[in-house]
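Asks: next comes the sequence, and after it the predicted model I'd like to discuss.
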Amino acid sequence: MNQKIYFNGEIVPREEALVDIEDRGYQFADGVYEVIAVYQGKPFKLMEHLERLAFSAAELEISCPGINQLQHETESYLASLNQTEEDISIYIQLTRGACPRTHAYPDDLDPVLIMKAGSLELRPDEYYQNGVKIITRPDERWSKCYIKSIALLPNVMAKKAAKRARAYEAVMHRDGFVTEGSSSNLFLVEGDSLLTPPASNYILNGITRQTVIQEIGPKLSLEVREQSISLDRLFRAEEVFLTGTTTEIMPVVRIDEREVGQGRVGELTGRILTAYRELTRA
Ligand SMILES: Cc1ncc(COP(=O)(O)O)c(C=O)c1O
């Protein structure tokens, strides 16, 4: 993989992309990010990701280039990679910048914008064919989960707990209701309807989630309801799947020690995955 890095307006070899040790991203997780999938040279939902980046930055009062500028920089970086055959991912991070360590940030910092391409590490085919196990965990995060902040420690701990349990993902719950996975959103199937927790401050409104709600649901004539989902309801679901940029549409066949439905990939989930693949590879 090409190790060219976009670093504040320049494209440099990785060794030259050096960040100040007093960058607030490093000391306070004071920054925001996006991960974008690029299928055969074409970034999927680029503008939606960039708009969310700008939104997250605005929520934290981090100064961010305008959308047109962000688009231009991302497309120029992508063009410089000359990577049109292989599917890749772009990680974009914007931190508030560097200053002597102090909690209350000065207003005049120069933010640091970086982009790094990597391989698009989609999950193995067998995960999509056979489905995966997930675990449930209390949601220990703050109450602004709609911001895609680089402060991800509770997510990191939750994902590690899932790995230890040989599960794909940890789905979190607050006050008895499901929120989302450590790096994914959750849907369940009831009859001909899809249910997913509403876009509140307690979840990240995933771009893949929005694609399912706005494009795939209507295309497959499925009703999609944004509704609070109790843990009990989750356990009774006929089908469950996760959504995310690198997760795509992941069928869930086991939650903790219980089987979902018949313990096999659900029929609707399979159709949604196919529709998503058609959309991303179109
Ligand atoms: C906490 C969380 N929820 C949901 C998602 C899925 O978002 P998207 O579909 O935009 O990748 C992510 C992605 O990283 C995430 O970190």
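Replies: Thanks, I have the structure now.

Asks: contact residues of this protein facing the ligand?
Replies: Proximity of the chain to the ligand, by C-beta under 6 Å from any ligand atom, involves residues 35, 155, 180, 183-185, 204, 206-209, 243-245. Quick note: C-beta positions are derived from backbone N, CA and C, even for glycine.

Asks: mind redoing it with 5 Å?
Replies: Within reach of the ligand by C-beta under 5 Å from any ligand atom, the chain has these residues: 180, 183, 185, 204, 206-208, 244-245.

Asks: just the buried ones from these, in ChimeraX syntax?
Replies: Entered in ChimeraX, the line below selects the buried ones among the residues of the chain next to the ligand, by 16 or more other C-beta atoms under 10 Å:
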select :180,183,185,204,206,207,208,244,245
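
Asks: please report how far residue 103 lies from residue 117.
Replies: As judged by C-beta to C-beta, to the nearest Å, residue 103 and residue 117 stand 34 Å apart.

Asks: go on, residue 220?
Replies: Taking C-beta to C-beta, one finds residue 220 at 33 Å from residue 117.

Asks: between these two, who's got more neighbours?
Replies: Neighbour count, other C-beta atoms under 10 Å: between residue 220 and residue 117, residue 117 has more, with 22 against 16.

Asks: list the contacts of the more buried one.
Replies: 1-2, 4, 38, 77-78, 81, 83, 88-91 (C-beta atoms under 8 Å, 6 or more residues apart in numbering).

Asks: same check, this time on residue 174
Replies: Counted by C-beta under 8 Å, 6+ apart, residue 174 has contacts 138-139, 202.

Asks: from the residues you listed, which would you call buried?
Replies: 139, 202.

Asks: what is the nearest of the contacts of residue 174 to residue 48?
Replies: residue 202 (20.5 Å; C-beta to C-beta).

Asks: A helix includes residue 64, no?
Replies: No - using DSSP: H, G, I helix; E, B strand; the rest coil, the assignment for residue 64 is coil, not a helix.

Asks: nearest spatial neighbour of it, chain-adjacent residues omitted?
Replies: Computed as C-beta to C-beta, 6 or more residues apart in numbering, the closest residue to residue 64 that is not its neighbour in sequence is residue 57, at 3.8 Å.

Asks: looks like that neighbour contacts residue 63 (just checking).
Replies: Yes - between residue 57 and residue 63 there is a contact under C-beta atoms under 8 Å: 7.3 Å.
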